[in-house]
Structures are given as structure tokens and as C-alpha cells.
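**Q** What follows is a predicted protein model with its sequence.
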Amino acid sequence: MNLSNEFHPAPKPVTQRKDKPRRKGKTKIPKKRKKKIETYKGRVIPKAKDRTKISKANYERMIEEFGDRCMICGRIPIQAHHLVFRSKLGSGNWRNLAPLCDEHHRQAHRDYEFAEWLRQERAKRFGPHFGKDKYALFKEGLIPNTTERAFEKFFEEEEEKYGLARVATESDS
């Protein structure tokens, strides 16, 4: 079978490519939108991510106040646990932190009753606002401004109030 007589390939005719019509003038590049900065009564409120971070100073203060061992079993090493979770805007302040071993830290995230018990124990000492930062207290009208001094003064009064309430409850028993 001789196919040379029947098959005659030929190249396609060469035509010029049509360029896409170009726009006249500059092409518009979309501008990056700046995220809105939250303000309240003229004060800039930092992002939640920054408000809930644990600083080295707060971590060391947590260890100073509550010890360098797990609050439940006394084991080491510890992890700093947010009693009021970061997702609920729980601050990175030492009052909202608890030193827990890996096992109890996992339990605090899995077992709601255990986590709630930890929060109740802390509220007995510092009052119900222990998990809030200075911006949350300011927005609720509990402190006059966002200074560290006003924040600490508020918690000193709360600790005194709830410490005395705890002593009165224990003496009634």
C-alpha cells in the first residue's frame, strides 16, 4: 500500500495575529483598601490580634502570681492558657492567664465545664471583668480612659471588693 500518492500535507497559510485592541490612557490598578481603624471616643482601639497577645511581661507576672507549675496537678512544663478565650476577646493580661500543663490545657479547650470552673475560680478573686483589657473596660464605661494607671486602679478595687466578699462568705460558713 503506497500512501505517498494520497497524502499531501501542506502547511497552514501564515496570517498575522490580531493584537487585542489596547486601551488608550493608563490602565487602572485597583487600590488596596485600608482596613477601618476602630475608634471610640477619639481613642484608637487596637486590633483583636494585638489585644489578646501574651507579652513577656504578662507571662512573667502570671508565673509570679500563680507559680511556674500547673495549677491543677503541679506538673511542669506549663503553657499559658487564656481563661476567656482569644476568640471571645479575652485579654493577654496576666489576670486572664492560667499556668496549665499540656494535658490540662487540652482539657480546658475540650471540656466546657472544666474551662468554666477555671473562669469561676478566677472571678472569685478578680471579679467578673478579669478577662477584659483596658479598651473593653473603657468601652463599657468602667474606666475613664485607657491608661495603664486607670486599668490597674480598677482591678485593685475589684480585687479588694471580691477578696473581701470571699472572706465574708468563708467566715459565714
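**A** Structure's in. What do you need? Computed from a predicted model, the values in this text were never measured in an experiment. Numbers count the residues shown, from 1 in each chain.

**Q** make it CA atoms for all contacts and neighbour counts henceforth
**A** Will do.

**Q** wait, residue 143 sits on residue 155?
**A** No. Between residue 143 and residue 155 there is no contact under CA atoms under 8 Å: 10.1 Å.

**Q** Just give me the neighbour total for residue 90.
**A** 23 (other CA atoms under 10 Å).

**Q** Helix, strand, or coil at it?
**A** Assigned with DSSP: H, G, I helix; E, B strand; the rest coil, residue 90 falls in the coil class.

**Q** Tell me which residues touch the nearest residue to it once chain neighbours are set aside, please.
**A** The shortest distance from residue 90 to any non-neighbouring residue, by CA to CA, 6 or more residues apart in numbering, is to residue 84 (4.6 Å). Residue 84 makes contacts with 90-91, 96, 119, 131, as judged by CA atoms under 8 Å, 6 or more residues apart in numbering.

**Q** so who does the residue nearest to residue 95 when sequence neighbours are not counted touch?
**A** Of all residues not flanking residue 95 in the chain, residue 130 sits nearest, at 5.9 Å (CA to CA, 6+ apart). Listed by CA under 8 Å, 6+ apart, the contact set of residue 130 reads 95-96, 122-123, 155.

**Q** now swap in residue 83 and tell me
**A** Residue 83 touches 90, 96-98, 115, 118-119, 131, counting by CA under 8 Å, 6+ apart.

**Q** run the last query once more with 6 Å
**A** 96-97, 119 (CA atoms under 6 Å, 6 or more residues apart in numbering).

**Q** Fine by me, thanks again.
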